[in-house]
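Peer 1: task: produce atomic coordinates for the following.
(2 chains)
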Amino acid sequence: MPPSDDPRLVVDNASLHYGALDVLADVSLTVQSREIVSIVGPSGCGKTTLLRCVGGLNQLNGGEIRIDGQRVEKPLPMVSMVFQHFGLFPWRNMWSNIAYGLMLRRTPKAEIARRVDAAIEMVGLKGFEKSYPHQLSGGMQQRAGLARALVMEPKLLLMDEPFSAIDAQTREQLQFELLRIWDRRPTAMMFVTHSIDEAVLMGDRVVVLAGRPAHVRALRRVDLPRPRERSVVTSPEFLNLREQVWHDLFGQPTDGETASRGRGVRSAAGRK
Amino acid sequence: MTAVAAASASLSRRLARLRSVHAGPIRLACYATSLVLLFAAWQAFGDSFGVLFVPFTATVRALWAMLDRGPLLGALWVSGELYLVSLALSIVIGIAIGLALARFRLIAAAFEPYVFILYATPTISLVPFISVICGFGFWPKVLVSVLISIFPILIGVMEGARSIPNQHLDVAAMFGSSEGQLWRDVVVPYVTPHAMTGIKQSIALAMAGTLVGEFFLNPDGLAAVLLEGTTTLDSASVLAVTLFVAAIAVLLVSVGELIERRLLRWRHSAIG
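Peer 2: Below you'll find the predicted structure:
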C-alpha cells in the first residue's frame, strides 16, 4: 500500500494524438485521495479524452497515468465513471442498471441487494426501482448513473460532464446533492466540466485545460469552506475565483501560448 | 394562460387521442371494417373475370368443403412440418451468421459478399441445381424455404449488432465486463429487437418458401392441393387454399408480434 499522503491519481506528462492531430500535450496533474479536482476547458479541448485515458478507455501515446501506483492500461476495478450521456442500459430497469457492476463481479446476491438499495436511497430514487430508463427524466437517469458508480465504492470517481445534459434547475439541485454525498464519504474525484461555475463550486482545485493541443494552462486552489452550501456561490471568494478562471480561459494568451500554436497540427512527415 | 401553453395543451390532447386509437376496441373495429370492405369488394367483382376467379362466398364454400372432408388438413400437416423446420433453421442460422458477420471482421470480409449475392438471387433459379445436388426429398425443400426466409433475420441481426452504440460498450468496459458478459448483457439484449423485426418478416416468408419448395420439388402438402386446383381450373379451391394460407400467416405473424411485445417490454411500456 502506498503511504496515504501519496496522490491517488497521478497524470504524468500525458500526451495523445490522433494521426497528425495532437490532442493532449504534456498534461500533468494529481488528485489526492479525498480531493475533488475539476477540469475545466472549452468544448472539444480534450478534457473528456483525458478523463477517458484515466478511465483506461483510451490509451496515451506518451507519459503515464497511475492510480495508487498502478499504471493505467485498461479500466481498473477501483475506478468508476459517470457519463455525460448517463449510459444506462434501456433494457434493464433502474435497480438492475445500478446492480450491473456488482453483478459483473459475481458479488453475492444478498450483498448486491443491500448495497444497491443503499445507493438508491442515497441518490433519492426510492420507489423507481422497477422503472426503465425511458420512463425516467434526465435528472433521475443521472441519479441512477451516479448510484451505479457509487455502489462500486470506487477509490476514484471520474465525472464526465455529468450534469451538462440536464436542465439548469435540476443541474443545480444535483450539484449540491453530489456535494452532500461526497461530504458523507469523501473520495478522490476528477470532475470534468465546461462550466466555470460548476468547476469552482465542486473542486478543491481547478485545472484549466486549454489550447490545441490541450495543456494545463492554469491551476487554481479553491479555498471555499466545506460542506459547500448554496450561499457559497454569492460569496466574494467564489466570484473572484470564477473571474480568475474566466481570465485563464478567455483572457489574452500568454507568450508561451502563442508560440505553441504552431505546434497544433504536426507535419505528417513527423509521424510514421 | 399564454397562447403557447394553450397550443401545447391542445397538442397533448390530440396526441392522447391519437394514442387511444391504439387501444384495443377501436383498432379491432378498424381491422374488421377493412376486412369486411375487402370481402365485399371481392364478392361484388368476383364474377367479372370469367371462370378463373370466383366470389368470396364461393371461395369460403370451397374452403369449408376442403376442410370438412377434403385434403386440406392432411396437407396442412405435411406443409406445417416443413414450415416449422425451415422457420426454426432460419432463425437459428440467421442469428448465428448475422452475429458472426457483425462481430468478427475477418469472417465478414470473407463471407459477406456471398450473403448479398444469395439475397439478390431469385431462389427459384437455384431450384434446378438444388434438385440435382440434393434430390427432391424433405431437406432440399427445407433448403429452398430457408434460402427464401433467412435474410430478414440475418441482415437485421447483422445491422443491429453493428450499430451497438459506443456508449454501451464504454459502460461495459468501464465496469470490467468480460467478452462473454458483454455478449450476455449488451449484445444479446441490444440485438433482440432487430432480430424480432426480421423474425416477423421471416414468419411470413417461410410460408412462401414452404410453398415454393413444395411447388418446384416433388409437389406435396398445400402446394400439391394448389397445383391440383390450377391444373383442373378449379379456381375456387385455389383461392380457398390461398385464403387459408394467408389467414394462417396473419395468425402466425400476430403470434410473433405478441412474443415481440413480451420480450421488449422495456420499449413498449411507455406506450402500452
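Peer 1: CA only for contacts and neighbour counts going forward, please
Peer 2: OK.
Peer 1: what mean pLDDT does stretch A:207-226 get?
Peer 2: Per-residue pLDDT over stretch A:207-226 has a mean of 91.
Peer 1: send the alpha carbons of that stretch over as PDB?
Peer 2: The C-alpha trace of stretch A:207-226 is given here as PDB (Å, rounded to 0.1, in the frame of the first residue of the first chain):
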ATOM      1  CA  VAL A 207      -7.300  22.600 -13.600                       C
ATOM      2  CA  VAL A 208      -7.700  24.900 -16.600                       C
ATOM      3  CA  LEU A 209      -7.200  22.900 -19.700                       C
ATOM      4  CA  ALA A 210      -6.900  24.800 -23.000                       C
ATOM      5  CA  GLY A 211      -5.200  25.200 -26.300                       C
ATOM      6  CA  ARG A 212      -4.500  22.900 -29.200                       C
ATOM      7  CA  PRO A 213      -3.100  20.500 -28.200                       C
ATOM      8  CA  ALA A 214      -4.600  20.800 -24.700                       C
ATOM      9  CA  HIS A 215      -2.300  21.500 -21.900                       C
ATOM     10  CA  VAL A 216      -2.600  22.700 -18.300                       C
ATOM     11  CA  ARG A 217      -2.900  26.500 -18.700                       C
ATOM     12  CA  ALA A 218      -3.600  27.200 -15.000                       C
ATOM     13  CA  LEU A 219      -4.100  25.500 -11.700                       C
ATOM     14  CA  ARG A 220      -6.300  27.300  -9.100                       C
ATOM     15  CA  ARG A 221      -6.800  26.300  -5.500                       C
ATOM     16  CA  VAL A 222     -10.300  26.700  -4.300                       C
ATOM     17  CA  ASP A 223     -10.300  27.600  -0.600                       C
ATOM     18  CA  LEU A 224     -14.000  27.700  -0.100                       C
ATOM     19  CA  PRO A 225     -15.300  26.000   3.100                       C
ATOM     20  CA  ARG A 226     -16.800  22.500   3.000                       C
END
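Peer 1: list the buried residues of it.
Peer 2: Of all the residues in stretch A:207-226, those buried under the rule 16 or more other CA atoms under 10 Å in any protein chain shown are A:207-217, A:219-220, A:222, A:224.
Peer 1: can you tell me what sits against that stretch?
Peer 2: For stretch A:207-226, the surrounding residues in contact (CA atoms under 8 Å, 6 or more residues apart in numbering or on different chains) are A:22-28, A:37-42, A:45-47, A:183, A:200, A:203-206, A:232, A:237-238, A:241, A:245, A:248-249, A:257, A:261, A:263-264.
Peer 1: try stretch B:107-118
Peer 2: Here stretch B:107-118 makes contact (CA under 8 Å, 6+ apart) with B:Ala100, B:Leu101, B:Ala102, B:Leu147.
Peer 1: 7 Å instead, please
Peer 2: Outside stretch B:107-118, the residues within contact range by CA atoms under 7 Å, 6 or more residues apart in numbering or on different chains are B:Ala100, B:Leu101, B:Ala102.
Peer 1: which one of these is nearest B:Val187?
Peer 2: B:Ala102 (10.7 Å; CA to CA).
Peer 1: does A:Gln84 touch A:Glu161 like I think?
Peer 2: Yes: using CA atoms under 7 Å, A:Gln84 is in contact with A:Glu161, at 5.2 Å.
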